[in-house]
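Asks: fold the following and give me the result.
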Amino acid sequence: MSDVLSQSEIDNLLAALNSGEVDAEEMKKDKGIQVKDYDFARPSKFSKEHLRTLEIIFEHYGRLLSTNLPIYLRKNVAVEVMNSEAVTYMEFSNALSNPVLLGVIDFQPLKGNIIMEMATKLGFTIVDRMLGGEGAPLEKVREFSEIELLIIERVMTSCVDLLREPWGNVLDIRPRLERIETNSQFAQIISPTEMIAIVTISVSIGEVEGLINICLPYLVLEPVMDKLNTKFWFSNISDNTQEADSEDIENLISKANVAVTAILGGLSLKVSEFTALQVGDIITLDRKVDDELDIYIGDVRKFTGLPGSSGKNYAVCITQVIREDQDG
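Replies: Predicted structure coming up:
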(Lines give C-alpha, C1' and ligand atoms only; values in the text may rest on other atoms or scores of the structure.)
Protein backbone atom coordinates (compact mmCIF):
# COMPACT_ATOMS: atom_id res chain seq x y z
CA MET A 1 0.00 0.00 0.00
CA SER A 2 1.29 3.45 -0.82
CA ASP A 3 1.86 6.13 1.87
CA VAL A 4 -1.01 8.25 0.48
CA LEU A 5 -4.42 6.52 0.42
CA SER A 6 -6.90 7.14 -2.35
CA GLN A 7 -10.45 8.26 -1.48
CA SER A 8 -11.85 4.79 -2.21
CA GLU A 9 -9.28 3.17 0.12
CA ILE A 10 -10.21 5.64 2.89
CA ASP A 11 -13.93 4.87 2.44
CA ASN A 12 -13.31 1.10 2.56
CA LEU A 13 -11.16 1.46 5.69
CA LEU A 14 -13.81 3.54 7.49
CA ALA A 15 -16.51 1.06 6.52
CA ALA A 16 -14.42 -1.82 7.89
CA LEU A 17 -13.89 0.04 11.18
CA ASN A 18 -17.61 0.79 11.53
CA SER A 19 -18.60 -2.81 10.81
CA GLY A 20 -16.06 -4.21 13.30
CA GLU A 21 -14.10 -6.15 10.68
CA VAL A 22 -10.94 -4.20 11.62
CA ASP A 23 -9.88 -3.48 15.21
CA ALA A 24 -8.17 -0.09 15.57
CA GLU A 25 -6.20 -1.20 18.65
CA GLU A 26 -4.80 -4.22 16.80
CA MET A 27 -3.74 -1.96 13.93
CA LYS A 28 -1.84 0.26 16.37
CA LYS A 29 0.02 -2.77 17.73
CA ASP A 30 0.92 -4.00 14.26
CA LYS A 31 2.29 -0.60 13.30
CA GLY A 32 4.43 -0.29 16.46
CA ILE A 33 7.93 1.02 15.80
CA GLN A 34 10.75 -1.39 16.61
CA VAL A 35 13.21 0.48 18.81
CA LYS A 36 16.84 -0.61 18.87
CA ASP A 37 18.93 0.15 21.94
CA TYR A 38 21.86 2.47 21.27
CA ASP A 39 24.79 2.50 23.63
CA PHE A 40 26.26 6.01 23.62
CA ALA A 41 29.34 4.73 25.48
CA ARG A 42 30.08 2.39 22.55
CA PRO A 43 29.01 4.17 19.36
CA SER A 44 29.24 1.91 16.31
CA LYS A 45 31.67 3.87 14.23
CA PHE A 46 33.26 0.77 12.72
CA SER A 47 30.90 -1.28 10.58
CA LYS A 48 31.36 -4.97 9.82
CA GLU A 49 32.52 -3.95 6.35
CA HIS A 50 35.26 -1.77 7.85
CA LEU A 51 36.44 -4.56 10.15
CA ARG A 52 36.42 -7.12 7.35
CA THR A 53 38.52 -4.83 5.16
CA LEU A 54 40.99 -4.33 8.00
CA GLU A 55 41.27 -8.11 8.33
CA ILE A 56 42.06 -8.40 4.62
CA ILE A 57 44.74 -5.71 4.91
CA PHE A 58 46.37 -7.43 7.88
CA GLU A 59 46.16 -10.86 6.25
CA HIS A 60 48.46 -9.38 3.62
CA TYR A 61 50.57 -7.94 6.43
CA GLY A 62 50.73 -11.37 8.07
CA ARG A 63 52.15 -12.93 4.91
CA LEU A 64 54.87 -10.27 4.85
CA LEU A 65 55.72 -10.94 8.51
CA SER A 66 55.99 -14.70 7.93
CA THR A 67 58.50 -14.17 5.12
CA ASN A 68 60.54 -11.33 6.65
CA LEU A 69 60.83 -12.19 10.37
CA PRO A 70 62.75 -15.45 9.70
CA ILE A 71 65.56 -13.29 8.24
CA TYR A 72 66.19 -11.88 11.74
CA LEU A 73 65.16 -14.84 13.88
CA ARG A 74 66.48 -17.70 11.71
CA LYS A 75 63.45 -19.74 12.65
CA ASN A 76 60.11 -20.55 11.04
CA VAL A 77 57.43 -17.94 11.73
CA ALA A 78 53.71 -18.61 11.23
CA VAL A 79 51.25 -15.70 11.24
CA GLU A 80 47.44 -15.81 11.22
CA VAL A 81 44.80 -13.09 11.64
CA MET A 82 42.48 -14.23 14.41
CA ASN A 83 39.73 -11.58 14.47
CA SER A 84 38.87 -7.89 14.53
CA GLU A 85 36.53 -5.98 16.80
CA ALA A 86 35.49 -2.46 17.74
CA VAL A 87 35.87 -1.43 21.40
CA THR A 88 36.63 1.69 23.40
CA TYR A 89 40.24 2.54 24.12
CA MET A 90 39.51 2.16 27.85
CA GLU A 91 38.57 -1.51 27.36
CA PHE A 92 41.77 -2.10 25.43
CA SER A 93 44.03 -0.39 27.97
CA ASN A 94 42.33 -2.04 30.97
CA ALA A 95 43.07 -5.46 29.49
CA LEU A 96 46.82 -4.75 29.33
CA SER A 97 49.16 -6.15 31.96
CA ASN A 98 52.49 -4.83 33.18
CA PRO A 99 55.08 -5.19 31.85
CA VAL A 100 53.76 -4.84 28.31
CA LEU A 101 55.30 -4.16 24.91
CA LEU A 102 53.50 -1.28 23.21
CA GLY A 103 54.91 0.15 20.01
CA VAL A 104 53.56 3.67 19.44
CA ILE A 105 53.50 4.22 15.68
CA ASP A 106 53.23 7.52 13.82
CA PHE A 107 50.81 6.81 10.97
CA GLN A 108 51.70 9.65 8.57
CA PRO A 109 50.11 11.22 6.55
CA LEU A 110 47.15 10.39 8.82
CA LYS A 111 47.11 12.43 12.01
CA GLY A 112 47.64 10.52 15.24
CA ASN A 113 49.17 7.27 16.38
CA ILE A 114 48.29 3.60 16.27
CA ILE A 115 49.59 0.99 18.72
CA MET A 116 51.16 -2.40 18.14
CA GLU A 117 50.95 -4.53 21.27
CA MET A 118 53.23 -7.56 21.31
CA ALA A 119 52.94 -10.40 23.83
CA THR A 120 55.84 -10.28 26.30
CA LYS A 121 56.77 -13.91 25.67
CA LEU A 122 57.20 -13.08 21.98
CA GLY A 123 59.49 -10.23 23.03
CA PHE A 124 61.68 -12.47 25.19
CA THR A 125 61.74 -15.12 22.43
CA ILE A 126 62.92 -12.52 19.90
CA VAL A 127 65.67 -11.37 22.28
CA ASP A 128 66.80 -14.95 22.90
CA ARG A 129 66.94 -15.73 19.18
CA MET A 130 68.73 -12.50 18.29
CA LEU A 131 71.40 -13.28 20.91
CA GLY A 132 71.95 -16.82 19.61
CA GLY A 133 69.63 -18.78 21.90
CA GLU A 134 67.03 -21.39 21.04
CA GLY A 135 64.15 -18.93 21.43
CA ALA A 136 62.66 -20.21 24.67
CA PRO A 137 60.42 -17.77 26.61
CA LEU A 138 61.09 -16.93 30.27
CA GLU A 139 59.30 -19.01 32.87
CA LYS A 140 58.77 -15.93 35.06
CA VAL A 141 57.86 -12.60 33.52
CA ARG A 142 60.06 -9.66 34.48
CA GLU A 143 60.81 -6.14 33.29
CA PHE A 144 62.74 -5.69 30.04
CA SER A 145 66.27 -4.31 30.26
CA GLU A 146 67.38 -1.40 28.08
CA ILE A 147 69.50 -3.69 25.91
CA GLU A 148 66.56 -6.06 25.40
CA LEU A 149 64.31 -3.15 24.44
CA LEU A 150 66.88 -1.96 21.87
CA ILE A 151 66.91 -5.45 20.30
CA ILE A 152 63.10 -5.60 20.25
CA GLU A 153 62.95 -2.06 18.84
CA ARG A 154 65.10 -3.13 15.89
CA VAL A 155 62.76 -6.02 15.03
CA MET A 156 59.60 -4.00 15.68
CA THR A 157 60.86 -1.20 13.42
CA SER A 158 61.12 -3.74 10.60
CA CYS A 159 57.59 -4.94 11.38
CA VAL A 160 56.30 -1.35 11.24
CA ASP A 161 58.01 -0.71 7.90
CA LEU A 162 56.12 -3.70 6.45
CA LEU A 163 52.79 -1.93 7.10
CA ARG A 164 53.32 0.34 4.11
CA GLU A 165 52.68 -2.24 1.38
CA PRO A 166 49.36 -3.70 2.68
CA TRP A 167 47.93 -0.19 3.14
CA GLY A 168 49.09 0.92 -0.32
CA ASN A 169 45.66 0.25 -1.86
CA VAL A 170 44.02 2.59 0.67
CA LEU A 171 46.65 5.28 1.22
CA ASP A 172 50.38 5.76 0.75
CA ILE A 173 51.32 5.74 4.42
CA ARG A 174 54.73 6.36 5.97
CA PRO A 175 54.59 4.54 9.32
CA ARG A 176 57.36 5.18 11.85
CA LEU A 177 57.96 3.61 15.24
CA GLU A 178 58.14 6.53 17.68
CA ARG A 179 58.85 4.62 20.87
CA ILE A 180 58.24 1.44 22.84
CA GLU A 181 56.38 1.67 26.13
CA THR A 182 56.41 -1.07 28.79
CA ASN A 183 53.78 0.64 30.94
CA SER A 184 50.31 1.08 29.49
CA GLN A 185 49.77 4.31 31.47
CA PHE A 186 52.33 6.06 29.26
CA ALA A 187 50.59 5.12 26.01
CA GLN A 188 47.35 7.11 26.30
CA ILE A 189 47.23 8.18 22.65
CA ILE A 190 43.50 9.10 22.66
CA SER A 191 40.61 9.68 25.05
CA PRO A 192 39.56 6.51 26.96
CA THR A 193 36.01 6.71 25.55
CA GLU A 194 37.07 6.92 21.90
CA MET A 195 36.35 3.94 19.65
CA ILE A 196 39.16 1.82 18.24
CA ALA A 197 39.41 -1.20 16.00
CA ILE A 198 41.60 -4.04 17.25
CA VAL A 199 43.02 -6.58 14.82
CA THR A 200 44.41 -9.63 16.62
CA ILE A 201 47.22 -11.57 14.95
CA SER A 202 48.57 -14.91 16.18
CA VAL A 203 52.33 -15.29 15.73
CA SER A 204 54.24 -18.55 16.22
CA ILE A 205 58.04 -18.43 16.43
CA GLY A 206 59.01 -22.07 16.40
CA GLU A 207 57.11 -23.62 19.30
CA VAL A 208 56.36 -20.28 21.00
CA GLU A 209 52.99 -18.73 20.21
CA GLY A 210 51.74 -15.28 21.17
CA LEU A 211 49.45 -12.49 20.03
CA ILE A 212 50.06 -9.13 18.42
CA ASN A 213 47.20 -6.65 18.75
CA ILE A 214 47.01 -3.70 16.36
CA CYS A 215 45.05 -0.80 17.88
CA LEU A 216 43.60 1.55 15.23
CA PRO A 217 41.72 4.59 16.59
CA TYR A 218 38.71 5.80 14.64
CA LEU A 219 40.01 9.38 14.80
CA VAL A 220 43.14 8.30 12.92
CA LEU A 221 41.32 6.33 10.22
CA GLU A 222 38.39 8.75 9.83
CA PRO A 223 39.79 10.47 6.67
CA VAL A 224 39.98 7.10 4.84
CA MET A 225 36.90 5.35 6.26
CA ASP A 226 35.11 5.56 2.90
CA LYS A 227 37.99 3.56 1.38
CA LEU A 228 37.78 0.81 3.99
CA ASN A 229 35.33 -1.33 2.07
CA THR A 230 36.04 -4.49 0.12
CA LYS A 231 34.60 -3.14 -3.15
CA PHE A 232 36.98 -0.17 -3.21
CA TRP A 233 39.89 -2.25 -1.94
CA PHE A 234 39.56 -5.05 -4.49
CA SER A 235 38.93 -2.65 -7.39
CA ASN A 236 42.09 -0.77 -6.41
CA ILE A 237 44.03 -4.03 -6.26
CA SER A 238 42.75 -4.95 -9.74
CA ASP A 239 43.81 -1.58 -11.19
CA ASN A 240 47.25 -1.74 -9.58
CA THR A 241 47.70 -5.35 -10.63
CA GLN A 242 46.84 -4.57 -14.27
CA GLU A 243 49.27 -1.64 -14.31
CA ALA A 244 52.00 -3.75 -12.72
CA ASP A 245 51.35 -6.61 -15.16
CA SER A 246 51.52 -4.25 -18.13
CA GLU A 247 54.86 -2.85 -16.92
CA ASP A 248 56.25 -6.35 -16.32
CA ILE A 249 55.17 -7.52 -19.78
CA GLU A 250 56.62 -4.42 -21.41
CA ASN A 251 59.95 -4.90 -19.60
CA LEU A 252 60.14 -8.56 -20.61
CA ILE A 253 59.28 -7.82 -24.22
CA SER A 254 61.86 -5.02 -24.41
CA LYS A 255 64.60 -7.50 -23.45
CA ALA A 256 63.53 -10.22 -25.91
CA ASN A 257 65.79 -11.00 -28.88
CA VAL A 258 64.07 -11.02 -32.28
CA ALA A 259 65.44 -12.00 -35.68
CA VAL A 260 65.60 -9.20 -38.27
CA THR A 261 65.96 -10.39 -41.88
CA ALA A 262 66.40 -8.33 -45.05
CA ILE A 263 65.47 -10.27 -48.21
CA LEU A 264 67.68 -9.31 -51.17
CA GLY A 265 65.48 -11.12 -53.60
CA GLY A 266 64.50 -14.57 -54.84
CA LEU A 267 64.21 -16.82 -57.85
CA SER A 268 63.15 -20.32 -58.81
CA LEU A 269 65.61 -22.96 -60.01
CA LYS A 270 65.17 -26.48 -61.18
CA VAL A 271 66.92 -29.08 -59.07
CA SER A 272 69.21 -29.89 -61.99
CA GLU A 273 70.18 -26.20 -62.31
CA PHE A 274 70.79 -25.95 -58.56
CA THR A 275 73.07 -28.99 -58.48
CA ALA A 276 75.00 -27.63 -61.48
CA LEU A 277 75.95 -24.34 -59.77
CA GLN A 278 79.69 -23.66 -59.56
CA VAL A 279 81.90 -21.08 -57.89
CA GLY A 280 81.77 -17.84 -59.90
CA ASP A 281 78.29 -18.45 -61.38
CA ILE A 282 76.03 -15.39 -61.32
CA ILE A 283 72.45 -15.77 -60.08
CA THR A 284 69.98 -13.16 -61.29
CA LEU A 285 67.39 -12.25 -58.63
CA ASP A 286 63.89 -10.91 -59.21
CA ARG A 287 64.79 -7.42 -57.93
CA LYS A 288 66.63 -4.50 -59.48
CA VAL A 289 69.64 -2.87 -57.79
CA ASP A 290 67.67 0.23 -56.73
CA ASP A 291 64.56 -1.69 -55.59
CA GLU A 292 63.62 -1.56 -51.90
CA LEU A 293 64.14 -4.72 -49.86
CA ASP A 294 61.55 -6.41 -47.67
CA ILE A 295 62.62 -6.48 -44.01
CA TYR A 296 61.05 -9.10 -41.71
CA ILE A 297 60.80 -9.19 -37.89
CA GLY A 298 60.56 -12.88 -37.28
CA ASP A 299 58.11 -14.04 -39.93
CA VAL A 300 56.26 -10.70 -40.19
CA ARG A 301 57.03 -8.15 -42.94
CA LYS A 302 57.39 -4.86 -41.04
CA PHE A 303 59.68 -2.54 -43.06
CA THR A 304 61.13 -1.82 -46.47
CA GLY A 305 64.65 -0.45 -46.95
CA LEU A 306 67.65 0.08 -49.20
CA PRO A 307 70.86 -1.97 -48.94
CA GLY A 308 74.15 -0.32 -47.99
CA SER A 309 77.04 -0.56 -45.55
CA SER A 310 77.99 0.72 -42.11
CA GLY A 311 81.73 0.64 -41.55
CA LYS A 312 82.88 -2.84 -42.55
CA ASN A 313 79.39 -4.35 -42.14
CA TYR A 314 76.51 -4.72 -44.54
CA ALA A 315 73.50 -2.62 -43.51
CA VAL A 316 70.01 -1.69 -44.59
CA CYS A 317 68.40 1.75 -44.36
CA ILE A 318 64.67 1.64 -43.45
CA THR A 319 62.57 3.68 -45.84
CA GLN A 320 59.04 2.72 -44.81
CA VAL A 321 57.18 1.18 -41.85
CA ILE A 322 54.50 -1.25 -43.01
CA ARG A 323 51.24 -1.16 -41.04
CA GLU A 324 48.98 -4.17 -40.74
CA ASP A 325 46.44 -2.67 -43.17
CA GLN A 326 49.24 -2.04 -45.70
CA ASP A 327 50.74 -5.51 -45.64
CA GLY A 328 49.44 -7.28 -48.64
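
Asks: going forward, measure contacts between C-alpha atoms and count neighbours the same way
Replies: OK.

Asks: which intervals of the stretch 101-250 of the chain have sub-threshold pLDDT?
Replies: By pLDDT under 70, the low-scoring segments of the stretch 101-250 of the chain are 230-245.

Asks: do a quick rundown of the strands in it.
Replies: 101-108, 113-118, 174-181, 195-205, 208-217 (DSSP state E, counting those that start in this stretch).

Asks: wait, which of the ones you listed is closest to S309?
Replies: Of all the strands of the stretch 101-250 of the chain, the one in closest proximity to S309, counting by CA to CA, is strand 174-181 (56.6 Å).

Asks: in that closest one, what's buried?
Replies: Buried residues in strand 174-181, counted by 16 or more other CA atoms under 10 Å: 174-177, 180-181.

Asks: for V155, give me its contacts.
Replies: 69, 72 (CA atoms under 8 Å, 6 or more residues apart in numbering).

Asks: swap in A197?
Replies: A197 touches 46, 51, 84-87, 215-218, counting by CA under 8 Å, 6+ apart.

Asks: now swap in F303 and tell me
Replies: By CA under 8 Å, 6+ apart, the neighbours of F303 are 294-296, 318-322.

Asks: which of the residues you listed lies closest to S191?
Replies: Taking those together and measuring to S191 by CA to CA, the closest member is V321, at 69.4 Å.

Asks: so what's the residue count around the closest one?
Replies: Here the number of neighbours of V321 (other CA atoms under 10 Å) works out to 13.

Asks: that one: what's its closest spatial neighbour, skipping adjacent residues?
Replies: Nearest residue to V321, sequence neighbours excluded (CA to CA, 6 or more residues apart in numbering): F303, at 4.6 Å.

Asks: just the pLDDT for the one you found.
Replies: With respect to pLDDT, F303 scores 87.

Asks: which residue ranges of the protein form helices?
Replies: For the chain, helices defined by DSSP state H occupy the ranges 7-19, 24-30, 48-73, 89-94, 120-130, 146-161, 218-221, 230-254, 271-275.

Asks: how about the contacts made by the residue lying closest to M130 once chain neighbours are set aside?
Replies: Sequence neighbours aside, L73 is the residue nearest to M130 in space, at 6.1 Å (criterion: CA to CA, 6+ apart). Shown in contact with L73 (CA under 8 Å, 6+ apart): 126, 129-130.

Asks: look up how far V220 lies from L73.
Replies: Distance of L73 to V220, given as CA to CA, to the nearest Å: 32 Å.

Asks: kindly report the same for E165.
Replies: 18 Å.

Asks: over to G305?
Replies: Separation of G305 from V220 (CA to CA): 64 Å.

Asks: can you list the domains in the chain?
Replies: With domains defined by automatic domain parsing, the chain comprises 1-35, 48-230, 260-321.

Asks: deepest-packed of those domains, please.
Replies: Of all the domains of the chain, domain 48-230 has the most neighbours on average by mean count of other CA atoms under 10 Å, namely a mean of 18.

Asks: would you reformat the contacts of A197 as JSON lines and include distance to D11?
Replies: Conversion of the contacts of A197 to JSON lines gives the following (distance: CA to CA, whole Å):
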{"residue": "F46", "distance to D11": "48"}
{"residue": "L51", "distance to D11": "52"}
{"residue": "S84", "distance to D11": "56"}
{"residue": "E85", "distance to D11": "54"}
{"residue": "A86", "distance to D11": "52"}
{"residue": "V87", "distance to D11": "54"}
{"residue": "C215", "distance to D11": "61"}
{"residue": "L216", "distance to D11": "59"}
{"residue": "P217", "distance to D11": "57"}
{"residue": "Y218", "distance to D11": "54"}
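
Asks: tell me the one of these nearest S202?
Replies: S84 (12.1 Å).

Asks: farthest from the middle of the chain: give me that residue.
Replies: In the chain, the residue that sits farthest from the middle, by CA atoms, centre = their mean, is A276; the gap is 70.2 Å.

Asks: next, it: phi, psi?
Replies: Phi and psi for A276, reported as degrees, to the nearest 10, are phi -90, psi 0.
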